[in-house]
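> Requesting a structural model of the entry that follows:
(one chain, ligands or ions: 2)
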Amino acid sequence: MLRLHLINFLSYRSAVLDLGDFVVLVGPNSSGKSNAVAAIKLLREIPFHGLPTAISRRGGFRQLRHRSGGKSFDPTLRLDFQFGQHDESFYELALRATGNRYTVYERAEIHHGDGSFWFTNRGGTYEWEELREVAGEKRRISSERFQEEFLNVQAGHSIVSITPTYGSYIVSELLQSMQTVEINPARVGELQEPSSVRDFEPDGSNTASVYDSLPGESRQELIDELSAIVPGIRRIAVSRFADKVTLKFYQGKPGANSHEFLAKQMSDGTLRAFSILLSMLRPSPPALVVIEEPEIAIHLGALRTLIDILRQRSERSQILITTHSADIVDTIDPQSLRVVWTAERSSHISRVADHTIKTVREGLITPGQLLRSDALDPAGI
Ligand SMILES: Nc1ncnc2c1ncn2[C@@H]1O[C@H](COP(=O)(O)OP(=O)(O)OP(=O)(O)O)[C@@H](O)[C@H]1O
Ligand SMILES: [Mg+2]
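Ligands and ions are numbered 1, 2, ... in the order given. Next up, the predicted model:
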């Protein structure tokens, strides 16, 4: 994933979030960090739940429009990405108000190992074109008045969630491979409904099922990592109670017997750390993992360990976190920080200013000290 464009989406008028292997969003309360994450969440939900559901879950289309100076503006989101050494690809979703309803516009251009793909959706009129190798021969396949084949599809739906072409299938897979993580320890602790593990629920409410589906070596990796954060964790299993499931933790000092604890008896910090680590360990690792404020409920020493583990994991999955923790920011290369701030009633995102990076590189001040004194200057202003 290369970058996310946010246009007239929630508090953003026009901003670009440059992604990387490990990117950290910082900024004051209410500056727009979670709104940028909300864009990723919305995009990810399209293939899982369909666009109309994803929008209504957020209180409807009007809630997504950027409001400023007594006016509302129609939102557009665009995700740029790249497969290997191929040219850059993108997917763009625009919602336009039409009376009390909205119309969906989509565009995508994909360059992939299997070929090149283009598609557009103009309010329910779909067109697509593929340049794909079929039986050893490059073939151009295109649609004219493609929507006739999909007459049951209404305006308001996204081509991504109906996946009728190979190009939209690639986008659908890509959006599903973004994982957002906002753990609610109470949901991890309670008895859970068994779920299909296609989707890790961002609040942690299907952690037992997701854990249950992991191969043995991934479970061991998770236990080893968790025990570096919460000493004494030896084993984790899944227990069934009638039609519900829950996690069971075996904890004890080295050389002593371990004790069994159900998830609801474990500490919030343990359940949060466990779930964050689990979210990245699905059978195929997510392409991008977004974690809101990983510092919550985690002890300072353990937090450093968690960040070290995330950094290692960033070789497999791109990681984006939001944080208010100067301790986290101190462990991050200043090039990886993105500053979110508000000006002229709109949110903005920038890298850190060059002069600030230079000061940090010279060892005169740490990024965490700059964050504490509200002096992390964004570039370009
Ligand atoms: N549709 C909208 N148009 C304009 N501004 C909006 C819209 N929706 C939300 N906002 C603004 O965005 C703010 C919330 O931003 P967000 O939740 O991203 O903050 P944050 O940086 O995550 O803060 P925190 O650090 O407290 O979590 C709201 O307080 C509101 O001012
Ligand atoms: Mg927030």
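
> Buried ones in the lengthiest helix in the chain, by neighbour count?
Ranked by number of residues, the top helix in the chain under DSSP state H is helix 33-49. If you call a residue buried by 16 or more other CB atoms under 10 Å, then helix 33-49 has these buried ones: 33-47. Where you see a C-beta, it was placed from the backbone N, CA and C, and this is true even at glycine.

> Next, the angle helix 33-49 makes with the helix or strand Ser350 falls within.
Taking DSSP states H and E as the definition, one finds Ser350 inside strand 346-351. For strand 346-351 against helix 33-49, the angle by axes from the mean of the first three to the mean of the last three CA atoms, to 10 degrees is 90 degrees.

> which residues are contacting whichever helix or strand comes after strand 346-351?
For strand 346-351, the succeeding helix or strand toward the C-terminus, using DSSP H and E, is helix 354-361. With CB atoms under 8 Å, 6 or more residues apart in numbering as the contact definition, helix 354-361 has outside contacts at Pro334, Gln335, Ile365, Thr366, Pro367, Leu370, Ala375, Leu376, Asp377, Ala379.

> Please repeat the previous calculation with a cut-off of 10 Å.
Outside helix 354-361, the residues within contact range by CB atoms under 10 Å, 6 or more residues apart in numbering are 330, 333-335, 337, 339, 351-353, 364-370, 375-380.

> Mind checking which of those are buried?
330, 334, 337, 339, 351-353, 366-368, 370, 376-378.

> so where do the helices sit in the stretch 101-250 of the chain?
159-162, 166-176, 185-189, 207-212, 216-229 (DSSP state H, counting those that start in this stretch).

> Nearest to Leu6, out of these?
helix 166-176 (15.8 Å; CB to CB).

> Show me what the closest one packs onto, helices and strands only.
helix 33-49, strand 76-82, strand 88-98, strand 101-112, strand 115-122, strand 125-134, helix 159-162 (3 or more CB pairs under 10 Å, 6 or more residues apart in numbering; DSSP states H and E).

> most tightly surrounded among the ones you listed?
Burial among these, expressed as mean neighbours by mean count of other CB atoms under 10 Å, is greatest for helix 159-162, which shows a mean of 24.

> Can you list the helices and strands that that helix packs against?
Using 3+ CB pairs under 10 Å, 6+ apart, helix 159-162 sits against helix 33-49, helix 51-56, strand 88-98, strand 101-112, strand 115-122, strand 125-134, helix 166-176.

> By mean pLDDT, show me the worst of these.
Here the helices and strands packed on helix 159-162 differ in mean pLDDT, and the lowest is strand 125-134 at a mean of 86.

> ok, Ser89 to Leu43 distance?
Ser89 sits 14 Å away from Leu43 when distances are taken as CB to CB, to the nearest Å.

> Can you name the residues of the stretch 1-150 of the chain that neighbour ligand 1?
By CB under 6 Å from any ligand atom, the residues of the stretch 1-150 of the chain that approach ligand 1 are 10-11, 27, 29-35, 65-67.

> run the last query once more with 8 Å
Residues of the stretch 1-150 of the chain found near ligand 1 (CB under 8 Å from any ligand atom) are 9-11, 25, 27-38, 63-68, 72.

> buried residues in stretch 297-305?
So stretch 297-305, judged by 16+ other CB under 10 Å, has buried residues Ala297, Ile298, Ala302, Leu303, Arg304, Thr305.

> distance of the closest residue to the third one other than its chain neighbours from Ile291?
Yep, that's Ala302 we're talking about. Using CB to CB, 6 or more residues apart in numbering and skipping residues adjacent in sequence, the residue nearest Ala302 is Ile229, 4.5 Å away. Distance, Ile229 to Ile291, using CB to CB: 14 Å.

> Kindly format the C-alpha coordinates of the worst-scoring helix or strand of the chain on mean pLDDT as CSV.
When the helices and strands of the chain are scored by mean pLDDT, DSSP states H and E, helix 159-162 comes last with a mean of 81. The C-alpha coordinates for helix 159-162 follow below in CSV (Å, rounded to 0.1, in the frame of the first residue of the first chain):
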residue,chain,number,x,y,z
ILE,A,159,-18.3,-3.0,-8.0
VAL,A,160,-15.8,-4.3,-5.4
SER,A,161,-18.4,-6.0,-3.3
ILE,A,162,-20.1,-7.7,-6.2
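
> what's next to it, contact-wise?
43, 45-54, 91, 93, 104, 106-108, 119-121, 124, 126-128, 146-147, 150, 152-153, 165, 167-176.

> Great, nothing more from me.
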